Each structure stands twice: as structure tokens, then as C-alpha cells.
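*Asks:* generate a structure from the sequence data that follows.
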Amino acid sequence: MLVLTEDTFTGSIASDIAAWIMENCFEWLDAPVKRLGSMDTPVPLAKTLENAYLPWGKLAKVIADLRAF
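*Replies:* Numbering: from 1, shown residues only. Alright, predicted model coming up:
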């Protein structure tokens, strides 16, 4: 299970969703829930920094990791 959010990694709704899945659906999971979100920093205003801030740059690595299962 992958919970992907554009929000910050810590304290986001994705954290609560991942926790709920682990608490209520643990017996059906083959692996732990993974979360992918933005860095825990203020949102930068420069476009180049904003592109590095958002999680979409890490998405290719996550897809490769998921295919490895």
C-alpha cells in the first residue's frame, strides 16, 4: 500500500490514513504501508525549488521499488 500526498510528510492526513490501514487491515497486507509526501519545510516560492519540494521527483524510485515486489 502506498499513500501518496502533496502535503508534508509529517502530520498530514496521509499519516492518519496509513495508520488506519495498518490498524484495521494489517492481516491483509503483504508489506508495511509506505507514505510519500513533500519535505517537512515551508513551501518555496521559486519554481525550481518548488519542483524539488514536491514528491513527484521521488515517484520514479517508488514505482521501481513497488515493481520489485
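
*Asks:* what's around A19, how many residues?
*Replies:* 13 (other CB atoms under 10 Å). Where C-beta positions appear, they are placed from N, C-alpha and C, glycine not excepted.

*Asks:* just the element for it, please.
*Replies:* Applying DSSP states H and E as the criterion places A19 in helix 13-25.

*Asks:* which single strand of the protein contains the most residues?
*Replies:* Using DSSP state E, we find that the single longest strand of the chain is strand 2-8.

*Asks:* that one pairs with which strands, and in what direction?
*Replies:* strand 34-38 (parallel) (DSSP bridges).

*Asks:* leaving out sequence neighbours, find the closest residue to K34.
*Replies:* Nearest residue to K34, sequence neighbours excluded (CB to CB, 6 or more residues apart in numbering): L2, at 5.1 Å.

*Asks:* need the contact list for that neighbour.
*Replies:* V33, K34, R35, L36, V62, L66 (CB atoms under 8 Å, 6 or more residues apart in numbering).

*Asks:* for A46, which residues are in contact?
*Replies:* Here A46 is in contact with no residues (criterion: CB under 8 Å, 6+ apart).

*Asks:* can you list contacts of the helix or strand hosting K61?
*Replies:* According to DSSP H and E, K61 maps onto helix 59-67. Here helix 59-67 makes contact (CB under 8 Å, 6+ apart) with L2, L4, K34, L36.

*Asks:* format the contacts of L2 as TSV; extra columns: neighbour count.
*Replies:* What follows is the contacts of L2, written out as TSV (neighbours: other CB atoms under 10 Å):
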residue	neighbour count
V33	17
K34	13
R35	18
L36	17
V62	14
L66	11
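
*Asks:* which of the residues you listed sits closest to P55?
*Replies:* Using CB to CB, L36 is the member of the contacts of L2 that sits closest to P55, with 5.0 Å.

*Asks:* bridging residues for that closest one?
*Replies:* L4.

*Asks:* wait, what's in contact with it?
*Replies:* Listed by CB under 8 Å, 6+ apart, the contact partners of L36 are L2, V3, L4, T5, P55, K58, L59, V62.
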